[in-house]
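got a predicted structure plus its sequence, pasted below:
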Amino acid sequence: MDSMRSRIRAGDPDAFGALFDEHATAVYNHAFRLTGNWSTAEDVMALTFLEAWRLRDRVLVDGGSLRPWLLGIATNTARNAQRARRRYEAALARLPPPDVVPDFSQALADRIDDAQTVAAINAALSTLRQAEREVVSLCIGSGLDYAATAEALGIPIGTVRSRLARARKKLAKAVHDFPPRDAEPARDSGQLLNGRAIAARHIPEETR
């Protein structure tokens, strides 16, 4: 029986369906950690699997899980999405100011906790360079070891180690002054990357 990699390489639609079912959530969560936007993360996830289909002939027959390959594609796709968003925001900034919109704060009151949680996490992650944020998301958020992260990003393992070490120092400083929150955790909080957990979590020097 052909391996999953062989079937993916051959363009087997059932194999791609199984690949999506197995890794879609991991790709989505990684995309959200990089973009900080639910909608953008959904777009990145969809585009990642479209790009995986286009690049299927590059899949080697021999090898292990295809998750690092998919997360590497997702990383590049998120970069492009962020660049496109910055261009869009710059274009909007050049337009005349919009009309005053009525205050809907009362209607949005039930979403405040979610916004605060996301803002706190993004505030910590925003202190990182993009390359550091990608390594944090892959190593800690997605649970890849150093070798798999290096494979996903196309960089040496030593670079992964050094970027992760710098990122942990920055995050530890960024979350130090976060005020405690007594509110209930945000919905979908399992998909978020907690800044304090990143800073405190021990990452072994050897690959796992």
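It's in. Numbers count the residues shown, from 1 in each chain.

and Ala147, how far from Glu22?
20 Å (Cβ to Cβ, to the nearest Å). All C-beta spots, glycine's among them, are computed from the backbone N, C-alpha and C.

all helices for the protein, in order.
4-9, 13-35, 38-54, 67-93, 112-125, 130-136, 146-153, 157-175, 195-200 (DSSP state H).

so which of those helices gets nearest Val61?
With Cβ to Cβ, the closest approach to Val61 among the helices of the chain belongs to helix 4-9: 5.4 Å.

buried residues in that closest one, which are they?
The neighbour-count check on helix 4-9 (16 or more other Cβ atoms under 10 Å) flags 4-5, 7-9 as buried.

now swap in stretch 139-150 and tell me
Under 16+ other Cβ under 10 Å, the buried positions of stretch 139-150 are 139-142, 144-146, 148-150.

so can I have a markdown table of those residues showing distance to Pro156?
Formatted as a markdown table, these follow (distance: Cβ to Cβ, whole Å):
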| residue | distance to Pro156 |
| --- | --- |
| Cys139 | 14 |
| Ile140 | 19 |
| Gly141 | 21 |
| Ser142 | 19 |
| Leu144 | 15 |
| Asp145 | 14 |
| Tyr146 | 10 |
| Ala148 | 13 |
| Thr149 | 11 |
| Ala150 | 6 |
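
distance of Ala52 relative to Ala41?
16 Å.

how about Arg168?
Between Arg168 and Ala41 the distance, using Cβ to Cβ, works out to 24 Å.

ok, the residue nearest to Phe32 when sequence neighbours are not counted - contacts?
Of all residues not flanking Phe32 in the chain, Ala41 sits nearest, at 3.8 Å (Cβ to Cβ, 6 or more residues apart in numbering). By Cβ atoms under 8 Å, 6 or more residues apart in numbering, Ala41 lies in contact with 28-29, 31-32, 35.
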